[in-house]
Structures are given as C-alpha cells and as structure tokens.
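1. Structure, please.
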Amino acid sequence: MTEKNIVIVSFHAHVYYDTDTRDIAARIREDLGARFEVQLGRWRDEPVGPHPKSMYQVAFLPSQFAEVVPWLMLNRQGLDILVHPNTGDAVADHAVHSLWLGEKLELNIEVLKAA
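-> The predicted structure is shown next:
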C-alpha cells in the first residue's frame, strides 16, 4: 500500500447545539476563546452546509491539536462535536478523516461533493 503525502493545514471543531443547549455552547465558546489562540466562527442557528443542526466552528492549528481536542473531550458538557482536518479534500476531511466527541451526527456530504 502506498502512503499519500497529505498535509493537514488546520483543524476545525464544529460544536453542535440547539435552543436548549445554546447557553452551554456559549460557555464552551467563551472558555475556548479565553484559553486558546483559536478562531471562533459565527453562530449558525440553522443548519448550514453539511451540518445537520445549529453549530459554530472553531479553527485551530495542527500544533494545537494536543491541547484543544483533549480540552473539548473533558469540557463538552454533553454537546456533540465534530473535529476534522483541513487537507483540501472537504469530503474526505468530513467523512473519512474526522473524529466525533459525543454522538456521530449524519452529515450532508452531498453538499460538499457539489462544491
């Protein structure tokens, strides 16, 4: 088997919430911004792109993975979180190379294939 030379440019964590858990998501977001040098994306109160429910995105560098992801594991307060690399292949990044904290939600990968 040949190994592909895939470069991870960055990571995204998508923190999913609903109307009942938005306050929890806000606390997690505030803590992430205070603890780490991450980029906090906009609140998306409706499904967008491949994401089946409300979420916000957190972007961080590969060198931060070992700090950010374990923190999310321990502090997600029951929320579901998708973590994926950004390699330039959005379909594979979301569907093959991703990891889930909490429940694995069904993504609309067809949206990514069409892009």
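2. Look up how far residue 66 lies from residue 55.
-> As judged by C-beta to C-beta, to the nearest Å, residue 55 and residue 66 stand 23 Å apart. Where C-beta positions appear, they are placed from N, C-alpha and C, glycine not excepted.
3. Those two: which has the busier surroundings?
-> It is residue 55, of residue 55 and residue 66, that has more neighbours when counted by other C-beta atoms under 10 Å, with 27 against 9.
4. residues in contact with the more buried one?
-> Applying C-beta atoms under 8 Å, 6 or more residues apart in numbering to residue 55 gives the contacts 14-17, 44, 48.
5. One more: residue 39?
-> With contact taken as C-beta under 8 Å, 6+ apart, residue 39 is in contact with 58-60.
6. again, only using 7 Å
-> residue 59 (C-beta atoms under 7 Å, 6 or more residues apart in numbering).
7. Starting from residue 106, give me the distance back to it.
-> In this view, residue 39 and residue 106 are 26 Å apart by C-beta to C-beta.
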